[in-house]
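>>> pasting the sequence and the predicted coordinates here, then a few questions.
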Amino acid sequence: MSGDPIYTEMIIEYSRNPSNYGKLENPQVIRHDSNPLCGDSIDLYLNIDDKKITDVRFDGKGCAICMACSSVLTEMIKGKDLDYVKNFEKDELLSELGLEHLIKTSPVRIKCALLSLKALKYGIYSYFAEKMDDVESAGNLKDEAANLY
Amino acid sequence: MQVTSETFEDLRTDFPVLERKVRDGKDLVYFDNAATTQKPNQVIDAITNYYRNHNSNIHRAVHALAEESTEAFEMTRDKVAKFLNIQDRQEIVFVKGTTEAINLVAYAWGRENVNEGDIVVTTEYEHHSNIVPWQLLTQEKKAKLKYIDIDENGELILDQLDEYLETGKVKLVTFSHMSNVLGTITNTQQIISKCKNAGVKTLVDGAQSVPHMKVNLSTLDCDFFAFSAHKMLGPTGVGVLWAKKEILEKMQPFLGGGDMIREVHKYETTWNDLPYKFEAGTPNIADVIGFATAIEYLEKIGMENIRNHEVELTKYALEKMTKIKGITLYGTKDMERRGGVISFNFNDVHPHDVATIIDKEGVAIRSGHHCAQVLMEKLNVAATNRASFYIYNTKEEVDKLISSLEKVAKVFKL
C-alpha cells in the first residue's frame, strides 16, 4: 500500500531484518525497558571505550515501529562520542524514518518509536553517574528520559 | 420476548456510538467488548434523568430527592440479586469494579485469614487484577502464591489443584470464570466442589462471564464473586462484590468513613449493617442507578439468547479465520468451553501493527498483553490481537475484520 504514513518500505524492511540485533558479551551498559500498556520490550547493550560507543546491540520483542526505530538508533550512535549521544534529540531519530508526524497523530504509537531512545538515555545516565561521576549530565539525561513521552 | 437474529440487528439503533464514523468516514466495527461494552440510550438516559430530576445523596436525609435517590439506588441491589439468583440482598456490596472487589477481599478477608506458610492458589490465565492483590498479600504475610497451569487447549490442569489442596495449607483458590484472553470457560463447578471438600474458600472473577451467560450464584456456591457493570452495557465505575453473609459479617471493613458506620466515638466505632459496612463514602449513585437499566436491558433479551448469539458469531469468525494463511488462533475450538473472545496472531506481524492498520478500516480490536502477562509468557508471545463480541455485533462486521486483515497482509507483503 503506497503512501501509508507509518508503514513505509523502510520500516517494514527494518522490522523483518533489524540492524544490530542481538546481545553483547560483557557490555558496559545494559538497559531494559518496556511499554507496559502495549508490550514492546527491549534490552539495549552498549560498549563504551574512551567516551565513545564502540559497539551497540539490542534485542527483545516489539512492533514494526519499535524494531525500525531501535535499528536506526543503533546505526546512528555506533562509533559516536558520548557527547553526541548525550545531546541526541528524538526528532533526529523520527525524521530518519519519516515518523515526526507521530508526535501529533499518535500519542500511543510514539511510545513504540521512542522506547529504544528512552533506554539509551537511561542507560548512559547511569554510566555518567557511576563511571564518570558527571552528576550534572546524569541528572539532565534522567530528566530527558523520564519526559521523552 | 421472541428473539431472532433480527432482534440483535434491530437493537443496534439503541447504541448511538455505533452510528458514528471513524478514521475518515469508516463505519465503526467495535470488537473490543471484553475491555468495555458500548452503552444503549436507555442506560445513558437513566443516568442523565437521575442528574436532571433526582440528584441527592442517599441513606441519610429525609427530603423527597434523597428518598427517591435512595430507593433507586437500592432497587439496583434487588435487580442484581434477582439477576444472579442471590437470596440475600445484604450480600451484595457495590464497589468501583472487579479490581476493587478482589482487592477488598485480599485486604479485609486475606489479612485476617492468610498467615505465614499458607497458600493462595490462582491460575495462569488470570487478569493482573486477580494476581497482583494476592502477590501483595502473600508477600506481606510470608505466604505462598501458586498457579494452576494451562494445557495446550488453554484449559486449566486441575490435577495441580489436587496437589495443592493435599498440602492442607491452601486458604483460598481464586480464578476467573472466563479467561479474558482465551475465552476459556473455567470448569468452575468442579473447582468449587474440590475446594469445598477440602474446606477451602473460593473467589470467582466473573468480569467476563456475567455479561455473556446466565450465572446462578445460588447453585455455583462459591464464597466470593466479583464483576463489573461496564462490561455489560452499564456505566464505568460500578462493580459488585458478592460474598456469603457469614463471611462478610466476620470481615473487618476495607475503607473507613461515611455510610459504613453505626456510631463513632473518640476512640472506637461500631460498624453499620451489611452491606453498608463495606460501602464507605458517597457511592457512585448515578452509575449504580444506570446499571439497573443495563440489567433490565439484558434480561429483556435473555442471557441464553445472548450466549447463543455470541456462540454463533464466534463459530462464524473462527471458521473464516482458520482459513487465513499465517494466522495463529489461541484457545479451545470447543464452543461449549469458550466465550466470544478470539485471540490471534497474524504471521510475524506485531499485534500493534495489525491493530493500527485495521483501525484505519474502522475495526477496533485490542492488541497487547490484555493485562495478562503471566499468560503471554506461557504462550511465549509478547502480545496478541483480540476480537471480542457482544450483542450488537454482526456477521457482516466479522467479514470486515477478515477483509481488513487482507490489508495487513498487503502492507507487510505477506
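Structure received.

>>> buried ones in stretch B:240-253?
Neighbour-count burial for stretch B:240-253 flags B:240-244, B:248, B:251, B:253 (criterion: 16 or more other CB atoms under 10 Å in any protein chain shown). Bear in mind the C-beta positions are built from the backbone N, C-alpha and C, glycine included.

>>> now that stretch, how far from the centre of its chain.
20 Å (CA atoms, centre = their mean, to the nearest Å).

>>> next, the distance between the ends of it.
Its first and final residues considered, stretch B:240-253 spans 16 Å by CA to CA, to the nearest Å.

>>> pLDDT below threshold where in chain B?
B:1 (pLDDT under 70).

>>> how's it carved up into domains?
Domain ranges of chain B: B:5-30+B:303-411, B:45-299, per automatic domain parsing.

>>> I'd like those domains as a markdown table, with distance to chain A appended.
Shown next, in a markdown table, are the domains of chain B (distance: least, CB to the nearest CB, whole Å):
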| stretch | distance to chain A |
| --- | --- |
| domain B:5-30+B:303-411 | 4 |
| domain B:45-299 | 10 |
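
>>> which one, of the ones you listed, ends up nearest to residue A:29?
domain B:5-30+B:303-411 (23.2 Å; CB to CB).

>>> in this structure residue B:30 contacts residue B:364, no?
Yes: Residue B:30 lies in contact with residue B:364 (CB atoms under 8 Å); the separation is 5.2 Å.

>>> buried residues of the helix or strand that contains residue B:288, list them for me.
Taking DSSP states H and E as the criterion, residue B:288 maps to helix B:285-301. Of all the residues in helix B:285-301, those buried under the rule 16+ other CB under 10 Å are B:285-295, B:297-298, B:301.

>>> and which of those residues is nearest to residue A:48?
For the buried residues of helix B:285-301, the nearest to residue A:48 is residue B:287 (54.7 Å; CB to CB).

>>> residues in contact with the closest one?
B:47, B:229, B:234-238 (CB atoms under 8 Å, 6 or more residues apart in numbering or on different chains).

>>> change it to 6 Å
Shown in contact with residue B:287 (CB atoms under 6 Å, 6 or more residues apart in numbering or on different chains): B:235, B:237-238.

>>> now residue A:55
Under the criterion of CB under 6 Å, 6+ apart, the neighbours of residue A:55 are A:24, A:47.

>>> what about the nearest residue to residue B:165 once chain neighbours are set aside, neighbour count?
Spatial nearest neighbour of residue B:165, chain neighbours left out: residue B:198 (4.4 Å); criterion: CB to CB, 6 or more residues apart in numbering or on different chains. Using other CB atoms under 10 Å in any protein chain shown, residue B:198 has 16 other residues around it.

>>> let me know the distance separating the residue of chain B most remote from its centre from residue B:260.
Residue farthest from the centre of chain B, counting by CA atoms, centre = their mean, is residue B:266 at 40.3 Å. Distance, residue B:266 to residue B:260, using CB to CB, to the nearest Å: 18 Å.

>>> who are the packing partners of the helix or strand of chain A with the lowest mean pLDDT?
Lowest by mean pLDDT, DSSP states H and E among the helices and strands of chain A is helix A:102-105, with a mean of 86. The helices and strands touching helix A:102-105, judged by 3 or more CB pairs under 6 Å, 6 or more residues apart in numbering or on different chains; DSSP states H and E, are helix A:110-130.

>>> could you pull up the mean pLDDT of the helix it packs on?
Mean per-residue pLDDT for helix A:110-130: 94.

>>> hang on, the earlier thing: what's the angle from the next helix-or-strand element following the helix holding residue B:288 to helix B:285-301?
Remark: after helix B:285-301, the chain's next helix or strand is helix B:303-322, criterion DSSP H and E. Interaxial angle, helix B:303-322 versus helix B:285-301 (axes from the mean of the first three to the mean of the last three CA atoms, to 10 degrees): 80 degrees.

>>> partner strands of the helix or strand that helix B:303-322 is followed by, parallel or antiparallel?
Under the assignment DSSP H and E, the closest C-terminal helix or strand after helix B:303-322 is strand B:327-329. Strand B:327-329 pairs in its sheet with strand B:341-346 (antiparallel), by DSSP bridges.

>>> what are the boundaries of the strands in chain A?
With strands called from DSSP state E, chain A shows them at A:29-34, A:41-49, A:52-61.

>>> can you redo the ones you listed as a markdown table with mean pLDDT?
Output for the strands of chain A, formatted as a markdown table (pLDDT from 0 to 100):
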| stretch | mean pLDDT |
| --- | --- |
| strand A:29-34 | 94 |
| strand A:41-49 | 96 |
| strand A:52-61 | 96 |
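
>>> and of those, who's closest to residue B:98?
Set against residue B:98 and scored by CB to CB, the strands of chain A come closest in strand A:29-34, at 24.9 Å.

>>> let's see that closest one as PDB, backbone CA atoms only.
Taking C-alpha atoms only, strand A:29-34 is exported to PDB below (Å, rounded to 0.1, in the frame of the first residue of the first chain):
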ATOM      1  CA  VAL A  29      25.800  -0.800  29.900                       C
ATOM      2  CA  ILE A  30      22.700  -3.000  29.700                       C
ATOM      3  CA  ARG A  31      19.300  -1.300  29.900                       C
ATOM      4  CA  HIS A  32      16.000  -3.000  29.800                       C
ATOM      5  CA  ASP A  33      12.800  -1.000  29.100                       C
ATOM      6  CA  SER A  34       9.300  -1.800  28.100                       C
END
